[in-house]
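> Have a look; sequence and predicted model below, questions after that.
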Amino acid sequence: MGAVAGVAISAIGGAMGGAGAGGLLGGLLGGGGFLGGIGQLISGFLGGAGGAGGAGGLAQVLQGFSPANILNAAANLFNAISGNSIKEAANTLQKEDGMPKFIQEAVNKAVDEVMKKFNKPTEGDVQNKLNDATKQDADKEIQDLAQKMVELVRKHLENEQKEEGAEAAGGKKGGKTKPMSWLQAIAKAMGDALGAKAAKMTELADKVSGAADKQASAEDKQAKQDAAAEMTSAQTELNGVSQEFKLMTEAFNTAIKSLGDSLSTLGRRQ
């Protein structure tokens, strides 16, 4: 995923109280203003399209709403995509890989707890407008992330089965994967997703540094401007990804804790 958390993090970090929105505004102004910047960030998060005609279309959709209101709606959008992708992954694993139904229900419960805990209040119909404007791209993000989660869970199960010398997992293959193994694999998959996001942050930080070096060593005005534009673009993406990482960490930690409680309960029964 991309940079929607860059839209939301100032709200979560304390800007929701009212006056704190100035810090985020300062970061977004200079290239089309607050709404233009927010549109670009959400558009980047959704693979460059962002629905509603891209960044400009989103800016029009969100026109008239307060910064704090938009920030909350964007945070809710991000959490909904993350949560629904995990639910979709659990549904696939239950249908195609023989994961027990009660494990799927435990995952859904954990996700619902996360979404409820981190849901931000919004006013008017800003949430509906943002959701409608980004629906097609958000649905694609959910499917893409769900598939990645499924692949990660399968990888962890396969590795565990190899270590134990057991048969391949999955009801169709006759495997007898223990409930605790399913929960552990799901928790590890969430950890992998966070690790991938951290790696992306490192990559972007290197990109920012490289662009800064280009700008410092450039010998003509055009080269300096090109390097500055490259650095600004990379920095914007880095800010978004780093804030997205923070949101994902908070949400996944809550979900993993809930799954851990379920795992402990299962462990006592076995």
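Good, I have the coordinates. Numbering: from 1, shown residues only.

> in what helix or strand does the residue nearest to A106 when sequence neighbours are not counted lie?
In space, and not counting its chain neighbours, A106 is closest to S262: 4.5 Å by Cβ to Cβ, 6 or more residues apart in numbering. Where C-beta positions appear, they are placed from N, C-alpha and C, glycine not excepted. Element membership for S262 (DSSP states H and E) is helix 221-269.

> For that helix, enumerate the helices and strands it packs against.
Helices and strands touching helix 221-269, by 3 or more Cβ pairs under 8 Å, 6 or more residues apart in numbering; DSSP states H and E, are helix 5-12, helix 33-45, helix 67-96, helix 101-117, helix 179-217.

> In CSV: the ones you listed, plus mean neighbour count and mean pLDDT.
Shown next, in CSV, are the helices and strands packed on helix 221-269 (neighbours: other Cβ atoms under 10 Å; pLDDT from 0 to 100):
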stretch, mean neighbour count, mean pLDDT
helix 5-12, 25, 32
helix 33-45, 24, 48
helix 67-96, 22, 89
helix 101-117, 17, 88
helix 179-217, 17, 88
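
> Reformat these into TSV and put distance to A59 next to each item.
Converted to TSV, these look like this (distance: least, Cβ to Cβ, whole Å):
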stretch	distance to A59
helix 5-12	12
helix 33-45	4
helix 67-96	10
helix 101-117	27
helix 179-217	24
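
> Figure out which of those is closest to L130.
Of all the helices and strands packed on helix 221-269, helix 67-96 sits nearest to L130, with 4.7 Å by Cβ to Cβ.

> who does that closest one touch, helix- and strand-wise?
Right, helix 67-96 is packed against helix 5-12, helix 21-28, helix 33-45, helix 101-117, helix 126-164, helix 179-217, helix 221-269 by 3+ Cβ pairs under 8 Å, 6+ apart.

> run the last query once more with 10 Å
Here helix 67-96 touches helix 5-12, helix 21-28, helix 33-45, helix 54-62, helix 101-117, helix 126-164, helix 179-217, helix 221-269, going by 3 or more Cβ pairs under 10 Å, 6 or more residues apart in numbering; DSSP states H and E.
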